[in-house]
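A.B. asks: Whatever this is, show me its structure:
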Amino acid sequence: VATGDDDDASAPDASAPNADDEAVNDDRCFDCGASCAADRWVSMNHGTIICLTCAGTHRGLGVAVSFVRSEKLDGLTDDERSVLARSGNAAFAAFLAEHGLPRAAWLSLEPVGLRYFTPAADLYRRRLAGDEAATLQHVDPPAELVRRLSAASIRSSSAAPPKWTPDKAVDGCQLCKRRFSTFFRRHHCRACGRCVCDSCSPRPCWRDGARTCKLCSPPPARVIPGLMPGP
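C.D. replies: Model (predicted):
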């Protein structure tokens, strides 16, 4: 998901609005939307609130990706509360949307664990940890994690058949939301079946000559205007 019009923000903005889903708040799990106000768990690497069930998934990602704490059972240190205050569910959702991963696309990525290996989520973690110069870069999920979650990696040829979006079901690109027209044509990603525009499925994203979108097959960082490849 190496996309986005502006990658120059120095840190996640906790006040940024989330236009994709007004229900995103700190009383609901960021990953599944379940109400968890009475038993909030926190992914410290993202400063987000999740439920007990999704906390189990996060524990399997490793502490470098998601260090999980329970507000009720563990309590939070002052530093941990500061991280949560600087982030929050709405801020994370807004950041993802600004970097090519709107809320609907995030929720469509299954299994949940692999969402956190998208370039946008990886960039947010590094920015929240204080790396203000961090830029988008490609991230490969660990092979063992992929096997454990019973899912293919984004480059696997054995991925489940895509759920094809009929042309008449949408009037705009499912990633950037721009409306289709006679001169702004629609295409389909052969990996996920989404109806996308040419800008959201550029040739560097294609796999073996088949059109795939930038969400399923992120382009190299060097093709992003204004960005340099990561170290």
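
A.B. asks: Verify the contact between Arg185 and Cys197 for me.
C.D. replies: Yes - counting by C-beta atoms under 8 Å, Arg185 sits close enough to Cys197 to count as a contact (7.4 Å). Every residue, glycine included, has its C-beta placed from N, CA and C.

A.B. asks: Please identify the buried residues of the helix-or-strand element of the chain with minimal mean pLDDT?
C.D. replies: Here the helix or strand of the chain ranked lowest by mean pLDDT, DSSP states H and E is helix 143-148, holding a mean of 72. For helix 143-148, the buried set under the neighbour-count rule, 16 or more other C-beta atoms under 10 Å, comprises 145-146.

A.B. asks: what packs against the helix or strand just after that helix?
C.D. replies: Scanning forward in sequence from helix 143-148 by DSSP states H and E, the next helix or strand is strand 187-188. Applying 3 or more C-beta pairs under 8 Å, 6 or more residues apart in numbering; DSSP states H and E, we find strand 187-188 packed against strand 195-196.

A.B. asks: The strand it packs on pairs with which strands?
C.D. replies: If you go by DSSP bridges, strand 195-196 pairs up with strand 187-188 (antiparallel).

A.B. asks: hang on, Pro218 packs against Asp140?
C.D. replies: No - Pro218 lies out of contact with Asp140 (C-beta under 8 Å); the separation is 10.5 Å.

A.B. asks: Give me the pLDDT for the most far-flung residue of the chain relative to its centre.
C.D. replies: Seen from the C-alpha centroid of the chain, the residue lying at the greatest distance (C-alpha atoms, centre = their mean) is Thr182, 30.8 Å away. What the model reports as pLDDT for Thr182 is 86.

A.B. asks: next one: Leu76
C.D. replies: At Leu76, the predicted lDDT confidence score is 89.

A.B. asks: Let me see the backbone angles for the closest residue in space to it that isn't next to it in sequence.
C.D. replies: Nearest residue to Leu76 in three dimensions, chain neighbours excluded: Arg69, at 6.1 Å (C-beta to C-beta, 6 or more residues apart in numbering). Dihedral pair for Arg69: phi -130, psi 150, per degrees, to the nearest 10.

A.B. asks: I'd guessed Arg69 sits against Val83; true?
C.D. replies: No - Arg69 sits out of contact with Val83 when judged by C-beta under 8 Å, with a separation of 10.2 Å.

A.B. asks: who touches both of these two?
C.D. replies: Common neighbours of Arg69 and Val83, using C-beta atoms under 8 Å, 6 or more residues apart in numbering, are Met44.

A.B. asks: how about the strands of this structure, start to end?
C.D. replies: Under the criterion DSSP state E, the chain carries strands at the ranges 41-43, 48-50, 68-70, 187-188, 195-196.

A.B. asks: need those strands in a markdown table with mean pLDDT and mean neighbour count, can you?
C.D. replies: Formatted as a markdown table, the strands of the chain follow (pLDDT from 0 to 100; neighbours: other C-beta atoms under 10 Å):
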| stretch | mean pLDDT | mean neighbour count |
| --- | --- | --- |
| strand 41-43 | 95 | 25 |
| strand 48-50 | 96 | 27 |
| strand 68-70 | 92 | 17 |
| strand 187-188 | 89 | 18 |
| strand 195-196 | 91 | 26 |
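
A.B. asks: Let's have the ones you listed in JSON lines, adding distance to Leu136.
C.D. replies: Rendered in JSON lines, the data for the strands of the chain read as follows (distance: least, C-beta to C-beta, whole Å):
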{"stretch": "strand 41-43", "distance to Leu136": "20"}
{"stretch": "strand 48-50", "distance to Leu136": "19"}
{"stretch": "strand 68-70", "distance to Leu136": "25"}
{"stretch": "strand 187-188", "distance to Leu136": "23"}
{"stretch": "strand 195-196", "distance to Leu136": "19"}
